[in-house]
Each structure stands twice: as C-alpha cells, then as structure tokens.
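Quick one, fold the following:
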Amino acid sequence: MRGSKTILWSVWIILTISLIACGGRRRTGDVIDDTDTSGDLNNDVDLGELPDGAECFEGTSQCSMDATRVEDCIAGMWNPGEMCEFGCNAGACLTEVVEGTCASPVALTLGETARGSTADGLASNVWSDACTMDYGFAPSGPDVVYTLDVTQPTWVEIEVFPVDSTFHGVYVRAACADPIATLSGVCGGSPAAAAPVNIPALLSTGTWYVIVDDFGANGDGPGQYDLTVTETTTPSCEGGIPSILDLSSGSATAMGDTADGTSSARWQAFDCPVSFESTGSELIYAFTLPERAQVRAVAEALEPTDSKIAFYLRAGDCGDRFAQAACAYADGMGAPTVINETLPAGTYYLIVDDLVGSQDDTQTFSLTVELL
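Residues are numbered from 1 along each chain as shown. The predicted model follows:
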C-alpha cells in the first residue's frame, strides 16, 4: 500500500512540473518570443523601429517607385524582385491590365470633362518628392492615370473638381512610371475638403500623363471627381506675353527686336556676374522640358552687331527673381551670349534684355535653343 502511494505521488509531481513548464512557455510567448522572429511581426517586433542599418523588415515586399516590379526585403535592404507585366500594386504584381494605371490609362480630350473616382484606382503611391515640397503633403491613397496627347505646345488649365467631400491631389508627367519625369511645380492638392484643384501648365508636344491621387483615410478616403484639361491663353509676365518655343524636334529658333518688348528691371546686378542694372526692354520666351536634358541657348545681336545683350533663364515662375537658374552677358564685341545648363523636367523662361539706359540701345537678335 505504501508503495502504491509512493508511485502515485511521483506521477503527480511529474505532471505538475510538466504543466508548470508548459504554462510558463506559453506566457513567455505571449509577451515576446526572442527565439523565433519568423512569425507574426506585429507580435514579435516593434514595426516603428527598424534594426540599426536596416531599411525594411525581413520578408516584406513593396512596389518599385515606377511600379514596374516588386522589391523584396532581404537582410534589411530592398532588392529588385519580380518584374510586373501589368504593373505592381500593394507589393504584388497585377495579373491583368487594370484601367486607370500606367499600363492602361484613361484617354482625355482637351476641353472635355471626365468623371472618375479614386475608389476605382490602385494605391501605387508614385507621388514624387518634388510635388510634396510644392504642395506640402503626400497622398498615400489610390490614384487614377489619364493620358493626353498634345499636338503643339499649349498652355492649359488642369482642374480636379470633387464630387464627394474629400481631398484630391494631381500631378503631370511625360513618362507615366518615372517620378523624375514629373513636371516641377505642375502639381497640387485640395486646399480643403471638396475644394477644387486648379493648375496652369505649359505642355510641350507629345503624350502626357495626368494622375489624380487621394489621401486615403487621412483625407476622408477615396471619392468621385470631375477632371478637365482646358486650353487657355498664355499668361502674362509683368506686362509681357512670352512667346512659346517648340523643342519637339530638338531645337527652335526665333527672331526678335527688343524695341517690341516690355520695360522692367528684371535684370539685376546681384543676380548675375555684372555690376550694372538695366531699365531697358525685354522679350520673353517659354518652353517646357518633358524630361531632364542639357539645354544650350544662344542669343546673337544682328543689328547693330555690336549690341550688348543680357540673357537669363528662370524656372517655373517667370516673374520670380529667385527662380533664376542661369544668366549670361555679351559685352558688345560681336560674340554671342550663351547659356548651357542641364535642367530637370519643367517649364522655363528665357528673357533677352537690351540694357537700354545704362549700356546700350535696342537691337534685333536671333535666339536658338537646342537640346544636346
């Protein structure tokens, strides 16, 4: 009898120890399991803190910036993964063509309104950093891609008019899947819920992509809108109307006479490497680069041939002195005035100044702009 009690007591002790051990393991696993990080990252890893030197969490995937492939996180770094025939969305390749994406954009016609909804779009998140700096916020919700063919350089107004009470963003690029091809300054977003977005733009000859985005839950979610791209007149710049240059063939030439220009003091001594100012007349020319390019602009005096020419280039805003990107000066010895710069996609203004009243008289000139 005593032997039976001893055996039962021993079995009870073994079972108790086993239950305690199993229970302790379960409680430890509920808090954090340091021995296994391949399971649920939300339980085992704080997603707000990446390991030192890591860009991403192991085993996760995302779409590339141009949405043409999947990128996989390996050893804490994003690595190129599977190429996507129909585009990428939410870290995975699409299995078929989806309307409203770069693979199948919705066609737009100048002057006609297209009704759309970002609820039908995909969250490819291709809003570029340049637009974020201009507008201040970065949409993270779904977007819809439209295409517009332009047969000659045209000033347009792009309007997104919300049908639903939500926020929308819009931007324009010449290469649909390439963020670098986004036109600088030609982007914006709703100033308030249900408020329209109006953006002027000079579009050069070719195919353009207009992308309507939204802000997801942070902007009251997806919603309907009306999108219209309308041809407009060329906006003035300090009283002058810029002449548009068509660089679709790689170069453009114009003839001008500063006597036909408008007078202002745009040329400033502290903007350019010369020690004088001008109160003479200027002629203004505008062009749009659909992609980053090296641009060579040459202004040459024709009559009189020894005229002095001040010549400067501004990006995006014709009347903004601080938008000046380059300038040059010919001293009247017969040599042409040359600007040679590599410029990102965007709209630019070339201003030819005659320096009347301080250095010279009015003159006729030739202007040549070419893409190198």
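
what about the strands in the stretch 201-350 of the chain?
Using DSSP state E, counting those that start in this stretch, the strands of the stretch 201-350 of the chain run over 206-214, 224-231, 243-244, 251-257, 262-263, 281-289, 293-303, 309-315, 324-330, 337-343, 346-353.

Show the pLDDT at the closest residue to T101 other than its chain neighbours.
Distances taken as C-beta to C-beta, 6 or more residues apart in numbering put G87 closest to T101, at 5.1 Å, once the chain neighbours are dropped. Heads up, the C-betas are built off the backbone N, CA and C, glycines and all. Reading off the confidence values, G87 has pLDDT 81.

so G87 touches T95, yeah?
No: using C-beta atoms under 8 Å as the test, G87 is too far from T95 to be in contact (10.3 Å).

The two - which one has more neighbours?
G87 (24 against 9; other C-beta atoms under 10 Å).

so where's the stretch 201-350 of the chain shaky on pLDDT?
Low-confidence segments of the stretch 201-350 of the chain, defined by pLDDT under 70: 217-219, 264-279, 332-334.

swap the cut-off to 50 and go again
Regions of the stretch 201-350 of the chain meeting the criterion pLDDT under 50 are absent.

other SSEs contacting the strand or helix carrying W155?
Element membership for W155, per DSSP states H and E: strand 154-162. Judged by 3 or more C-beta pairs under 8 Å, 6 or more residues apart in numbering; DSSP states H and E, strand 154-162 is in contact with strand 168-173, strand 197-203, strand 224-231.

Could you save those strands as CSV and add columns showing mean neighbour count and distance to T113?
Shown next, in CSV, are those (neighbours: other C-beta atoms under 10 Å; distance: least, C-beta to C-beta, whole Å):
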stretch, mean neighbour count, distance to T113
strand 168-173, 28, 14
strand 197-203, 20, 14
strand 224-231, 18, 5
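
Make TSV out of those and add distance to P80.
Listed next are these as TSV, based on distance: least, C-beta to C-beta, whole Å:
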stretch	distance to P80
strand 168-173	22
strand 197-203	33
strand 224-231	34
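
What is the burial count for the closest residue in space to E341 that isn't next to it in sequence?
Of all residues beyond its chain neighbours, the one nearest E341 is A326 (5.0 Å), with distances taken as C-beta to C-beta, 6+ apart. For A326, the neighbour count with other C-beta under 10 Å is 18.

Ok, the one 10 residues further on next?
A total of 16 residues lie near P336 under the criterion other C-beta under 10 Å.

what do you get for T113?
For T113, using other C-beta under 10 Å, the count is 14.

Please name the residues that touch it.
D226, L227, T228 (C-beta atoms under 8 Å, 6 or more residues apart in numbering).

quick one: the residue nearest to D331 when sequence neighbours are not counted from T368, how far?
Using C-beta to C-beta, 6+ apart and skipping the chain neighbours, the partner closest in space to D331 is K308 (6.2 Å). K308 sits 19 Å away from T368, going by C-beta to C-beta, to the nearest Å.

if we can go back for a sec, can you pull the contacts of the residue nearest to T101?
By C-beta under 8 Å, 6+ apart, G87 lies in contact with A67, T68, C93, L94, V98, T101, C102, A103, L122, S124.

Got phi/psi on it?
phi 100, psi 170 (degrees, to the nearest 10).

Over to the one 4 residues further on?
Backbone torsions of G91, given as degrees, to the nearest 10, read phi 80, psi 10.

Surely it and S64 touch.
No: in this structure G91 lies outside contact range of S64 using C-beta under 8 Å: 10.3 Å.

These two: who's more crowded?
S64 (18 against 14).

I'd like the distance from the closest residue to the more buried one other than its chain neighbours to C63, if you could.
Excluding the flanking residues, the one nearest S64 by C-beta to C-beta, 6+ apart is E71, at 5.4 Å. Note on E71: its distance to C63, by C-beta to C-beta, is 7 Å.

So those two - more neighbours on which side?
Legend: neighbour count by other C-beta under 10 Å for E71 and C63, higher for C63 (25 against 20).

show me what contacts the more buried one?
With C-beta under 8 Å, 6+ apart, C63 has these contacts: R69, V70, E71, C84, C88, N89, A90, G91, S124, N125.

Most neighbours among these, which one?
C88 (26 neighbours).

The residue nearest to that residue when sequence neighbours are not counted bridge partners, please.
Excluding its sequence neighbours, the residue lying closest to C88 (C-beta to C-beta, 6+ apart) is C63, at 3.6 Å. C63 forms beta bridges with V70, as assigned by DSSP bridges.

Domain map for this protein?
39-96, 97-231, 243-371 (automatic domain parsing).

picking that back up, restricted to strands, list the contacts of G87.
Residues of the contacts of G87 located in strands (DSSP state E): C93.

thinking again about what came up before, can you list contacts of the strand holding W155?
With C-beta under 8 Å, 6+ apart as the criterion, strand 154-162 contacts 110, 168, 170, 172, 186, 190, 193-203, 210, 212, 223-235, 244.

Quick one: buried ones out of the contacts of G87?
Burial by neighbour count, 16 or more other C-beta atoms under 10 Å: within those this picks out A67, T68, C93, L94, V98, T101, C102, A103, L122, S124.

just these now: which is nearest F137?
S124 (17.4 Å; C-beta to C-beta).

got a markdown table for the contacts of T113, with distance to G280 too?
Formatted as a markdown table, the contacts of T113 follow (distance: C-beta to C-beta, whole Å):
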| residue | distance to G280 |
| --- | --- |
| D226 | 46 |
| L227 | 43 |
| T228 | 41 |
